[in-house]
Structure formats: structure tokens, C-alpha cells
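Just need the structure, nothing else, for what follows:
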Amino acid sequence: MKKITFILLAMVVGITSCKKDKENDDITNPNPNPNPTPTATIAISEPEDMQMFDGGETVHIHAHISAPFDLHGYELFIINESSGDTVWTIDEHTHSMEIHIEETWVNDVTMHSDMVLQVKAIIDHDGNFTIAERHFHCHPM
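Numbering: from 1, shown residues only. Just a heads-up that it's a prediction; the model follows:
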């Protein structure tokens, strides 16, 4: 009888320890990506938020992008939110921790339009980026 009890106890301990090993295999890493993609800081100083521009007026674009690593450039877009059209775009492939942007666009819309400037900082060659927006309004020519 002692042999049967011992064998049963050994089986229970063996099954329990196998089950615990299996449970430990199912635990997920609470931080599956220990090196998350870094981000850049984008500060847009012009145009001002909700600024109005008359037809033919020049829209000055001033922005600053910074990061504690080398960025891989930037892209700028002006999108007419009223029509959904991208009316202007520019991109620059440059490697730097600090990027100063000074560009201009002339308002040539034909009807009152809500616009958005998008400044996209390119983080790496894997397609990672940080984006900031500034909304403004354009009167027609």
C-alpha cells in the first residue's frame, strides 16, 4: 500500500511540475519591445494655428525638428481639407539631430478652404516617423 501511495504522490508531483512549466511558457513579456522606436520633437512656429491668408498671400512655413539621434529627413505637406487635395509637398533627405525648416507657399485656392500643414520627421529608413500639424484658412484669389 505504501508503494502505491508513493507512486501516486510521485505522479501528482510530476504532473503538477509539468503543468507549472507549461504555465511559465505562456507568460508573455510585459515589455515585448525593449527598444521602442524613438520619436522626434516637432515645433511649428509659422503659420500660426487658425491663421487666415488672403488670395495670393505668401504662407511662411517655419518649423524645427530635433531628436537625440540622427534623423533621416523630413516631408512637408499642405492639404486642402475642404477638397481633400494635397496642394503642395516637399521632402528633404538629410541626416542631422536638428533640422530647421524655412519654406513658403503662395495661397492660390479658388474658394474658401480649410488647410492643414503636416510636418513629418523621418526617424529611420524602416518607415518610422513623427508628424505634427498646423491648421489655417485660405481665402480665394
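
Would you map the helices across the protein?
Listed in chain order, the helices of the chain (DSSP state H) span 2-25.

Low-confidence ranges, it, go.
Scanning the chain for pLDDT under 70 picks out the ranges 1-35.

For it, which segments count as strands?
Counting by DSSP state E, the segments of the chain that form strands are 41-46, 51-53, 58-71, 74-80, 85-92, 96-106, 113-122, 129-138.

Format those strands as JSON lines; extra columns: mean neighbour count.
Yep, even glycine has a C-beta here, placed from its N, CA and C like the rest. JSON lines is the format used below for the strands of the chain (neighbours: other CB atoms under 10 Å):
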{"stretch": "strand 41-46", "mean neighbour count": "16"}
{"stretch": "strand 51-53", "mean neighbour count": "16"}
{"stretch": "strand 58-71", "mean neighbour count": "16"}
{"stretch": "strand 74-80", "mean neighbour count": "19"}
{"stretch": "strand 85-92", "mean neighbour count": "13"}
{"stretch": "strand 96-106", "mean neighbour count": "14"}
{"stretch": "strand 113-122", "mean neighbour count": "20"}
{"stretch": "strand 129-138", "mean neighbour count": "18"}
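
got the contact list for I122?
With contacts taken as CB atoms under 8 Å, 6 or more residues apart in numbering, I122 has the following neighbours: 71-75, 93, 128-129.

how near is it to H95?
The gap separating I122 from H95 is 10 Å, by CB to CB, to the nearest Å.

swap in I79?
Taking CB to CB, one finds I79 at 27 Å from H95.

what do you get for W88?
24 Å.

One more: F129?
Taken as CB to CB, the span from F129 to H95 is 15 Å.

K120 is in contact with E133, correct?
No. E133 is beyond contact range of K120, at 9.7 Å (criterion: CB atoms under 8 Å).

Let me see the contact set for the closest residue in space to H95 that isn't next to it in sequence.
Using CB to CB, 6 or more residues apart in numbering and skipping residues adjacent in sequence, the residue nearest H95 is D70, 4.8 Å away. The neighbourhood of D70, defined by CB under 8 Å, 6+ apart, consists of 95-97.
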